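# Please find the sequence and the predicted model below.
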Amino acid sequence: MALLNLSLYRAAALSVAVGSTGMLVGQAAEAEKYAALVMDANTNEILHARNADDARYPASLTKVMTLYLLFDAINAGEVSLNERMTVSRNAAAQPPSNLKLKAGDKIKVEDAIYALVTKSANDVAVVIAEHLGGTERKFAVQMTDKARDLGLKDTTFKNASGLPNTAQVSTAYDLALLADALVENHAQYYHYFETKRFEWGRLVYKGHNELVGTVDGVDGIKTGYTRASGFNLMTSAERDGHRVIAIVLGGATAKSRNAHVADLVEAAFTQLNGPMAASSPQLRGTKVMASIQTPANPNAAAEPMLNGMPLSAYTAQPVNLVMNAAADESTEEEMPGDLVIVEGDSADDIASVQPSPALPAPGASFSVSEYEARQTAQAAKAAGLSVSDYEARQTARASAAAEVAEYTRRQTRRR
């Protein structure tokens with residue numbers, strides 16, 4: 001069977017591969033995705049933690065680090081908010097969520113900030129990466145170096161957007177440290193994360209973080225979603241001069257994720273404002289956080305899906321693929337089964353992803369191997385390569401990812 005490789009998603013935007021080598025990605029994709037952490041940002045005290053040190057896919061939470069380095073560059077005088085950045089062919093080719101930028105377009109730095117915090121635009125993330133680092137690969141090295149500087153010991157970045165890459169991992173604890181560092185070190189730019197609407201061209205994009213303005217004190221910062229990660233949310237809230245940071249990874253739906261984070265935030269402030277025992281201050285309100293339960297079935301959305309079924313449920317038998325005629329009515333919580341969403345946090349992102357030309361006509365049937373061949377041919381064409389060259393490149397990337405997958409498997413077994 002052909003290798004199920006996450007980089008295929010990036011090249012084709014809608015590619016699906018089904019086979020036994022899906023286990024390479026599957027070591028992580030089929031493992032538990034849920035993790036949570038709540039931190040008192042004033043003292044860095046951990047108020048609540050579940051699976052907080054276990055490897056997880058950050059998805060678009062990655063863009064927080066991309067913006068952190070952009071803010072660093074602005075402070076250093078290397079770029080300005082009004083400076084215009086040029087869109088490369090590579091950036092323009094990024095899959096949704098995106099602004100549909102074209103090669104040669106220009107975008108102001110400040111507009112790029114808005115595009116990342118609202119639309120979570122992958123093309124804009126690459127524009128920033130190439131503008132600051134020359135190439136996205138070099139910029140990812142800078143991101144990882146900055147992670148180490150900030151104490152993020154278990155985080156590795158391979159791209160600027162959070163698009164699927166088995167080697168791009170982090171933890172709830174590390175992401176809480178990142179949020180805390182951004183609020184602390186780039187307070188003058190933090191207001192961007194409160195943005196609810198962003199106008200670009202003729203369109204107005206609504207921010208994905210629905211807790212801003214609806215939960216008391218929540219003022220940022222970032223959502224994230226891929227099939228492999230589930231629904232992620234990095235949240236910061238302040239009440240009466242006291243700030244807490246909450247991280248939830250691997251939620252089953254955006255709605256359940258948001259509700260869980262809201263519960264964690266409320267519990268955190270209840271604990272912090274609770275009565276303090278003179279003899280044991282550290283016991284203040286601890287029962288409040290302890291009462292927060294792990295959501296039921298938090299990992300339901302974590303495994304890649306095809307026609308509403310997990311990929312692991314498919315075998316090499318002929319598969320009947322029927323197009324979902326109601327795709328434009330799908331929401332973030334109810335994904336159209338016939339589409340593979342590479343990245344996106346809202347219904348408009350999902351609806352904007354059109355079925356691949358390689359998909360059959362409604363009611364058509366063909367084998368999984370035939371489907372894989374069509375997807376590979378389409379991805380090779382999109383990358384400007386022959387099928388053989390494309391397959392060779394994918395095999396090389398998969399080989400490099402195997403070591404990371406094995407590490408993830410060992411970490412999972414430790415639990």
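Right, received. Where do you want to start?
# mind checking the SS state of Ala377?
Counting by DSSP: H, G, I helix; E, B strand; the rest coil, the backbone at Ala377 sits in helix.
# shouldn't it be in contact with Val387?
Yes. Assessed by CB atoms under 8 Å, Ala377 is found in contact with Val387 at 5.8 Å. For every residue, glycine as well, the C-beta is placed using N, CA and C.
# just the helices in the stretch 1-150 of the chain please.
6-12, 22-29, 62-75, 89-92, 109-114, 122-133, 136-149 (DSSP state H, counting those that start in this stretch).
# Name the stretch among those that sits most buried.
Compared across those, helix 122-133 shows the largest average neighbour count, a mean of 26 (mean count of other CB atoms under 10 Å).
# So for Thr195, which of the helices of the stretch 1-150 of the chain sits nearest?
Minimum separation from Thr195 across these (CB to CB) falls at helix 109-114, 5.9 Å.
# Going along the chain, name the strands of this protein.
35-40, 45-50, 84-86, 106-108, 197-200, 203-206, 218-226, 230-239, 242-251, 305-306, 309-310, 319-320, 365-366 (DSSP state E).
# would you turn these into a markdown table with distance to Asp145?
Below are the strands of the chain laid out as a markdown table (distance: least, CB to CB, whole Å):
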| stretch | distance to Asp145 |
| --- | --- |
| strand 35-40 | 23 |
| strand 45-50 | 25 |
| strand 84-86 | 22 |
| strand 106-108 | 26 |
| strand 197-200 | 30 |
| strand 203-206 | 31 |
| strand 218-226 | 21 |
| strand 230-239 | 21 |
| strand 242-251 | 22 |
| strand 305-306 | 35 |
| strand 309-310 | 37 |
| strand 319-320 | 44 |
| strand 365-366 | 47 |
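# On the strand side of things, show who Tyr205 bridges to.
Counting by DSSP bridges, Tyr205 is bridged to Phe198.
# circling back: between the helices of the stretch 1-150 of the chain, which gets nearest to Asp174?
Between the helices of the stretch 1-150 of the chain, helix 136-149 lies closest to Asp174; by CB to CB that is 7.2 Å.
# now the closest one: mean pLDDT?
The predicted model gives helix 136-149 an average pLDDT of 98.
# Next, the angle from that helix to helix 122-133.
80 degrees (axes from the mean of the first three to the mean of the last three CA atoms, to 10 degrees).
# can you list the helices of the stretch 1-150 of the chain in JSON lines and add distance to His260?
Formatted as JSON lines, the helices of the stretch 1-150 of the chain follow (distance: least, CB to CB, whole Å):
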{"stretch": "helix 6-12", "distance to His260": "26"}
{"stretch": "helix 22-29", "distance to His260": "21"}
{"stretch": "helix 62-75", "distance to His260": "20"}
{"stretch": "helix 89-92", "distance to His260": "34"}
{"stretch": "helix 109-114", "distance to His260": "27"}
{"stretch": "helix 122-133", "distance to His260": "26"}
{"stretch": "helix 136-149", "distance to His260": "26"}
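# what residue ranges in the protein score low on pLDDT?
1-31, 275-376, 378-380, 382-383, 394-415 (pLDDT under 70).
# Tell me which of the strands of the chain sits nearest to Tyr114.
Closest among the strands of the chain, using CB to CB: strand 197-200, at 4.3 Å.
# for the closest one, which positions count as buried?
For strand 197-200, the neighbour count (16 or more other CB atoms under 10 Å) marks 198, 200 as buried.
# Stretch 168-176 too?
168-176.
# thinking again about what came up before, nearest to Glu136, of the strands of the chain?
Glu136 sits nearest to strand 84-86 of all these, at 13.3 Å, using CB to CB.
# Can you list the strands that that closest one pairs with?
The strands that strand 84-86 pairs with in its sheet are strand 106-108 (antiparallel) (by DSSP bridges).
# what's in contact with the strand it pairs with?
Identification of contacts with strand 106-108 by CB atoms under 8 Å, 6 or more residues apart in numbering yields 81-87, 99, 101, 115, 124, 127.
# buried subset of these?
83, 85, 87, 99, 101, 115, 124, 127.
# Skipping adjacent residues, who's closest to the second one in space?
Spatial nearest neighbour of Met85, chain neighbours left out: His131 (4.4 Å); criterion: CB to CB, 6 or more residues apart in numbering.
# Roughly how far does that neighbour sit from Ala181?
22 Å (CB to CB, to the nearest Å).
# circling back: tell me how far the residue nearest to Met85 lies from Met65.
Taking CB to CB as the measure, His131 falls 15 Å from Met65.
# returning to that earlier point: closest to Ser236 out of the helices of the stretch 1-150 of the chain?
Across these, Ser236 has its closest neighbour in helix 62-75 (10.7 Å, CB to CB).
# so Asn209 makes contact with Lys222?
Yes. Using CB under 8 Å, Asn209 is in contact with Lys222, at 6.8 Å.
# So which of these two has more stuff around it?
Lys222 (30 against 26; other CB atoms under 10 Å).
# Run through the residues that contact the more buried one.
Counting by CB under 8 Å, 6+ apart, Lys222 has contacts 60-61, 63-64, 117, 120, 193, 209, 233-234.
# Pull the residues that contact stretch 147-155.
Outside stretch 147-155, the residues within contact range by CB under 8 Å, 6+ apart are 53, 55, 58, 65, 144, 156-157, 169-171, 173-175, 177-178, 181.
# farthest pair in those residues?
In the contacts of stretch 147-155, the most distant members under the criterion CB to CB are Ala55 and Ala181, with 20.2 Å between them.
# quick one: contacts for the residue nearest to Met85?
79, 85-86.
# Tell me which entries of the buried residues of stretch 168-176 lie within helices.
Within the buried residues of stretch 168-176, residues falling in helices by DSSP state H are 172-176.
# Just the closest of the residues you listed to Arg197, please.
Leu175 (25.5 Å).
# Please verify my assumption that the closest one contacts Leu61.
Yes. Judged on CB under 8 Å, Leu175 makes contact with Leu61 at a distance of 5.8 Å.
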